[in-house]
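**Q** take a look and give me a structure for this.
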Amino acid sequence: MSLTAGIVGLPNVGKSTLFNAITKSQVEAANYPFATIQPNVGVVEVPDSRVDRLVEIFHPKKTIYTTFEFTDIAGLVKGASQGEGLGNQFLSNIRLTDAICQVVRCFDDPNITHVENSIDPVRDIEIINLELTLADLQTVENRIAKVERKAKTTSDKEAKQEMELLKKLKPCLEEGKPARYLELDEEERFFLKTYNLLTAKPVIYVCNLDEEGVMDPSGCEYVQKVKELADRENAQVVCLCAKMEEELSGLEPDEKEIFLEELGLPSSGLDTLIQKAYSTLNLCTFLTAGEDECRAWTFKKGMKAPDCAGIIHTDFKKGFIRAEVYSFEDLDALGSEHAIKEAGKLRLEGKDYVVQDGDVMHFRFNV
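**A** Numbering: from 1, shown residues only. Now for the predicted structure:
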């Protein structure tokens, strides 16, 4: 399950520095099968201490963490929706992502110019959001031109349903509000997904601080303003220092851990961003474990056992019989698969089982 977040922002806010950190941290292509990675995409591992614990227990020949893609979108400017800068080309790149990480600068430095000549992260967010909204409005108006006549002159039920949605979207976007603000039913969400609207995607606001500010983000006035805006939008906020993240990405894991301990930081900003992106998209992880391989797999919350089996291989879903399941928490506490079985913690689950985050699974199938 390949998922990606687009990194956007005005020029000179630290977006490229952050992406450099991601690129240096990316996993080897060998751990990311069947993927052709373009130069502007970084594939990074999702940190997961549960996988580390599986390795301690099973001592596998191979370990694979789940991964997440970040796509670097060149700096947007006012008028991007009308083609300013390289405008529409970059906006089309964002359409291919599942979520948007919007980087805003939250520190003063007279030596680093700002395209708007002052530091105001809320204004910067509003500039980017307006351009995304205007681009979506154009998409909706183009769709209305194609669907309206058909909806009026035929008995095509689908066209009429789509037109009702478009009538909701247009005034929302004209008011400068993102499409994700609308409350839609299941059919409307189906149509909405086909438009690939920029403002329908979930957003994470990334506050780029300097090395001093990242030690106490709560004391930064710029960060507080971003958080107030994010709270109104029900969006996530991540605080980091892009320059520091770039330096951390060049360290060995043990050196990185020591560096963070010395700074009193529980984890790197990049790790936090990856985890927030993961949770923002309502993603979970199930695990497979054995002497050959320990691996984490990404799935959407609410998926049933056969669908999760299909993530590993389509044959697993086609011929699904049952799943042998136990929780990571039980394995962590008991220390071995043998102890799990002895304690009666191994369960057999059928086609209707809703997979839970942290389930350790073995699928039985026949094709």
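
**Q** so where do the strands sit in the stretch 101-250 of the chain?
**A** 203-208, 236-240 (DSSP state E, counting those that start in this stretch).

**Q** quick one, which of those is packed in tightest?
**A** Ranked by average neighbour count under the criterion mean count of other CB atoms under 10 Å, the strands of the stretch 101-250 of the chain are headed by strand 203-208 at a mean of 26. Placement of C-beta: from N, CA and C, glycine included.

**Q** hmm, back to that, reformat the strands of the stretch 101-250 of the chain as JSON lines; add distance to Val355 and mean pLDDT.
**A** Listed next are these as JSON lines, based on distance: least, CB to CB, whole Å; pLDDT from 0 to 100:
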{"stretch": "strand 203-208", "distance to Val355": "25", "mean pLDDT": "96"}
{"stretch": "strand 236-240", "distance to Val355": "24", "mean pLDDT": "95"}
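
**Q** would you turn those into TSV with distance to Phe68?
**A** Output for those, formatted as TSV (distance: least, CB to CB, whole Å):
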stretch	distance to Phe68
strand 203-208	12
strand 236-240	14
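
**Q** ok, which of those comes nearest Ile144?
**A** Closest to Ile144 of the strands of the stretch 101-250 of the chain, according to CB to CB: strand 203-208, at 25.3 Å.

**Q** helices or strands up against the closest one?
**A** If you count contacts as 3 or more CB pairs under 8 Å, 6 or more residues apart in numbering; DSSP states H and E, strand 203-208 packs onto helix 15-25, strand 99-105, helix 221-233, strand 236-240, helix 269-280.

**Q** these: lowest mean pLDDT?
**A** Across the helices and strands packed on strand 203-208, helix 15-25 has the smallest mean pLDDT, namely a mean of 82.

**Q** buried set for the very next helix or strand once past that one?
**A** Once the chain leaves helix 15-25, the next helix or strand it forms, by DSSP states H and E, is strand 41-45. Residues Val41, Gly42, Val43, Val44, Glu45 are the ones in strand 41-45 that count as buried (16 or more other CB atoms under 10 Å).

**Q** just the closest of those to Leu173, please.
**A** The closest of the buried residues of strand 41-45, once distances to Leu173 are taken by CB to CB, is Val41, at 28.5 Å.

**Q** what's opposite the closest one in the beta bridge?
**A** Thr71 (DSSP bridges).

**Q** how much space between it and Arg295?
**A** Distance, Val41 to Arg295, by CB to CB, to the nearest Å: 22 Å.

**Q** over to Asn366?
**A** Counting by CB to CB - Asn366 and Arg295 are separated by 22 Å.

**Q** what residues go with each domain of this structure?
**A** As given by automatic domain parsing, the domain ranges for the chain are 4-47+67-120+201-280, 133-199, 302-365.

**Q** of the ones you listed, which approaches Leu54 most closely?
**A** Taking CB to CB, domain 302-365 is the member of the domains of the chain nearest to Leu54, at 7.8 Å.

**Q** return the distance of the closest one from the chain's centre.
**A** 25 Å (CA atoms, centre = their mean, to the nearest Å).

**Q** next, Thr285: phi, psi?
**A** Dihedral pair for Thr285: phi -130, psi 130, per degrees, to the nearest 10.

**Q** how close does it sit to Gly358?
**A** To Gly358, Thr285 is 7 Å away according to CB to CB.

**Q** quick one: common contacting residues for the two?
**A** Residues touching both Thr285 and Gly358 by CB atoms under 8 Å, 6 or more residues apart in numbering: Arg50.

**Q** still on that earlier bit, Asn366 and Arg295: who's more crowded?
**A** Between Asn366 and Arg295, Arg295 has the larger neighbour count (other CB atoms under 10 Å), namely 21 against 8.
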